[in-house]
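A.B. asks: Curious how this folds, go ahead:
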Amino acid sequence: MLLECKNVSKNYGRKKALNKVSLEIPEGRIIGLLGKNGAGKSTLIKLINDLLVLDEGSILFEGKPIGVYSKEHISYLPERTYLDKTMKVSEVIKLFKEFYKDFNEEKALKLLKDLDLDIETRINKMSKGMQEKLQLVLVMSREASLYILDEPLGGVDPATRDYILDTILTNFKEGSSIIISTHLISDIERILDDVLFIDKGKIVLSSSADSLRKKEKASIDEVFRRMFKC
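C.D. replies: Coordinates of the predicted model:
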C-alpha cells in the first residue's frame, strides 16, 4: 500500500479538525478528496506531508512513518503560494533542480512553454493564475510516487481548467497516485478513479468513482450536493 492513515486525529484547541480518519491509497489511482471548506481536507493533507503533528493515530508511506523518506517521494502543491516572489521563474527551476533529486528540468521547461510562461519573468510580475500554473508545473515535473494537489484549480479561469487537468493527467509518473483536494467537483470528476467524501473531520464515503455513479445514477457532483445539501 502506498499510503495508510490509521485513526488519524488532529485538534486545534477545542476544535476537532480530524476525528479518527482511516484510509488507504494504493498505487496507480487518482483520488478526489472532496469536501466543503473547513471539512478537514487541508489538515489531512498537511499531516500527510509532515507539516503538522498528529494528536492521535499513524500515517505510513510505503510502510514507513512519514518523514524524510516520504518527503523525497511525495510531490505537494499547497493551496497557497510559497514561492519567493522576487525570484525569476528560471531561478525557481534551478532551485527545484538542486533541491529535489527527482526533478525533471526538461519536462518543466516544456510545460512552461506550453503554458506560455516566460522563464525570465519575475514571480511578482505574474498574475495569481500564472503563479498557480507555475507551482503546478514545478510539482508535476517531479518523478514522485504520490502527488498531492490542494485546490489546484482555485485561481484559474474555467477555460484553463481543462488544460490544467490534462497537464496533470499526462505528466505524472506511471504507477504513481494523485490525491486532488477540491470543492470544484464537476471540473475534476472526469479524471477520478476513486472518491473520498470528508465532512466535519470524518471520512463519510469512500468509493470508486464509477461504482458511485452507477449506484446513485448521478454524477459525483450531484451525489455530493445531495449529501451536503449544497
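A.B. asks: all strands for the protein, in order.
C.D. replies: Taking DSSP state E, the strands of the chain run over residues 3-12, 15-25, 30-34, 56-61, 64-65, 74-77, 146-150, 177-182, 194-199, 202-208.
A.B. asks: Of all those, which one is nearest residue 169?
C.D. replies: Of all the strands of the chain, strand 30-34 sits nearest to residue 169, with 8.0 Å by CB to CB. For the C-beta atoms, the positions are set from N, CA and C on the backbone; glycine is no exception.
A.B. asks: circling back to that earlier point, residue 133 is nearest to which of the strands of the chain?
C.D. replies: Closest approach to residue 133 among the strands of the chain is made by strand 74-77 (11.1 Å; CB to CB).
A.B. asks: Residue 92 and residue 134 touch, don't they?
C.D. replies: Yes. Between residue 92 and residue 134 a contact is recorded at 7.3 Å, counting by CB atoms under 8 Å.
A.B. asks: hang on, the earlier thing: Throw the strands of the chain into CSV and include mean neighbour count and distance to residue 128, thanks.
C.D. replies: Formatted as CSV, those follow (neighbours: other CB atoms under 10 Å; distance: least, CB to CB, whole Å):
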stretch, mean neighbour count, distance to residue 128
strand 3-12, 18, 27
strand 15-25, 18, 26
strand 30-34, 24, 23
strand 56-61, 17, 31
strand 64-65, 11, 36
strand 74-77, 22, 14
strand 146-150, 24, 15
strand 177-182, 23, 17
strand 194-199, 21, 26
strand 202-208, 16, 31
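A.B. asks: got a markdown table for the ones you listed, with mean pLDDT and distance to residue 50 too?
C.D. replies: Formatted as a markdown table, the strands of the chain follow (pLDDT from 0 to 100; distance: least, CB to CB, whole Å):
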| stretch | mean pLDDT | distance to residue 50 |
| --- | --- | --- |
| strand 3-12 | 97 | 12 |
| strand 15-25 | 96 | 15 |
| strand 30-34 | 96 | 17 |
| strand 56-61 | 98 | 8 |
| strand 64-65 | 97 | 9 |
| strand 74-77 | 96 | 9 |
| strand 146-150 | 95 | 12 |
| strand 177-182 | 94 | 15 |
| strand 194-199 | 96 | 20 |
| strand 202-208 | 97 | 20 |
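A.B. asks: Minimum distance to residue 130: which of those strands has it?
C.D. replies: Closest among these, using CB to CB: strand 74-77, at 14.9 Å.
A.B. asks: For the closest one, name the packing helices and strands.
C.D. replies: Where contact means 3 or more CB pairs under 8 Å, 6 or more residues apart in numbering; DSSP states H and E, strand 74-77 is packed against helix 128-140, strand 146-150.
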